[in-house]
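Enquirer: sequence below, structure please.
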Amino acid sequence: MKPNRKAMTLVELLVVMAIIGILVSMLLPAVQAAREAARMASCKNNMRQIGLAVLQFCDSHKGQFPDWYHTSGGGDSWISTVADYLEKVDEIRLCPDDFLLFERRYMKSTSYVLNDYLVEKGVAGAIRNLNKLQATSRTIVMFEGADRRRQVKPDPHQYDSAKDEYIYATVKYDHAHASQWFSQLNRDNSGFVDQSVKNDIQPDRHTQAANYLYADGHVEVISSQTIDEWIAAGIDFARPE
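Expert: Numbering: from 1, shown residues only. Presented below is the predicted three-dimensional model:
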């Protein structure tokens, strides 16, 4: 006698598919969160390596911080002068979560911006030498740069409208204009400080937070809410100590 074979009914198949769908929907957020955490950790590691490179540069130059793009039209930008201390690995200057990752990679630019308080001459409160800082653990050297820094409109004579993103990925955006964030003009006009800060840095790049490199080499995760609170309280958090 042949054994009875019972086939799966359509209802049973639909139930199985529904269960699989539920399990997948439960798993996906965890997978996405794990991937995002990995990207944030990679970004943090990049900033640590840049921090070590900057400290080595300072040690080789009597404490002087590396220059920025405006020093000589880009030739002495920290992107090039610190490159030897990073074994000329361009990828270290790029955050995996950077909105313009491809463009900045192509332009050999950076996701991270230097605090101009440490490189600009003649700015009130500027300290351009590591050895003159009183609190390296409280002085920010680098931020995660804003997606579209300074909100500059592309020059139609130099950039194709289909490739406007590349203008925001140029080497000249290697710094933040932190010394201008809390200017008297910005303080006197509602919302100007907030706009000025967020024209330069991206405080919510990683799940409403971002990485910040300090002068002692450590990298700290600060929430975008904390940055908003500092802005509201008038705390010039980029000013060196």
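Enquirer: show me where pLDDT drops low in the protein?
Expert: 1-8, 27-28, 30-32, 72-75, 150-164 (pLDDT under 70).
Enquirer: which residue ranges of it form helices?
Expert: Using DSSP state H, the helices of the chain run over 10-60, 78-81, 101-107, 178-181, 184-187, 192-200, 224-233.
Enquirer: select, out of the ones you listed, the one closest to G217.
Expert: helix 10-60 (4.3 Å; Cβ to Cβ). For every residue, glycine as well, the C-beta is placed using N, CA and C.
Enquirer: tell me which other helices or strands that closest one touches.
Expert: helix 78-81, strand 112-115, strand 140-144, strand 209-214, strand 219-223 (3 or more Cβ pairs under 8 Å, 6 or more residues apart in numbering; DSSP states H and E).
Enquirer: quick one: Q195 from I231, how far?
Expert: 10 Å (Cβ to Cβ, to the nearest Å).
Enquirer: quick one: contacts for the residue nearest to L100 when sequence neighbours are not counted?
Expert: In space, and not counting its chain neighbours, L100 is closest to A169: 5.0 Å by Cβ to Cβ, 6 or more residues apart in numbering. Shown in contact with A169 (Cβ atoms under 8 Å, 6 or more residues apart in numbering): L100, E103, R104, Y106, M107, S109.
Enquirer: I140 reaches D216, doesn't it?
Expert: No: counting by Cβ atoms under 8 Å, I140 stays clear of D216, with 10.9 Å between them.
Enquirer: looking at these two, which one has more neighbours?
Expert: I140 (23 against 15; other Cβ atoms under 10 Å).
Enquirer: quick one: that one from A232, how far?
Expert: On the measure of Cβ to Cβ, I140 and A232 end up 18 Å apart.
Enquirer: report how many residues lie close to E241.
Expert: With other Cβ under 10 Å as criterion, E241 counts 13.
Enquirer: and it, how far from Y212?
Expert: In terms of Cβ to Cβ, E241 sits 14 Å off from Y212.
Enquirer: now V141
Expert: V141 is 9 Å from Y212, by Cβ to Cβ.
Enquirer: more crowded one of the two?
Expert: Looking at V141 and Y212 with other Cβ under 10 Å, you find the greater number of neighbours at V141, namely 30 against 24.
Enquirer: what's near enough to touch E144?
Expert: Here E144 is in contact with C43, C95, S111, Y112, V113, I201, Q202, P203, R205, A210, N211, Y212 (Cβ under 8 Å, 6+ apart).
Enquirer: dump the residues you listed into CSV; add distance to D174 as well.
Expert: Output for the contacts of E144, formatted as CSV (distance: Cβ to Cβ, whole Å):
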residue, distance to D174
C43, 17
C95, 14
S111, 11
Y112, 8
V113, 6
I201, 13
Q202, 15
P203, 19
R205, 17
A210, 17
N211, 17
Y212, 16
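Enquirer: I appreciate the help and will end here.
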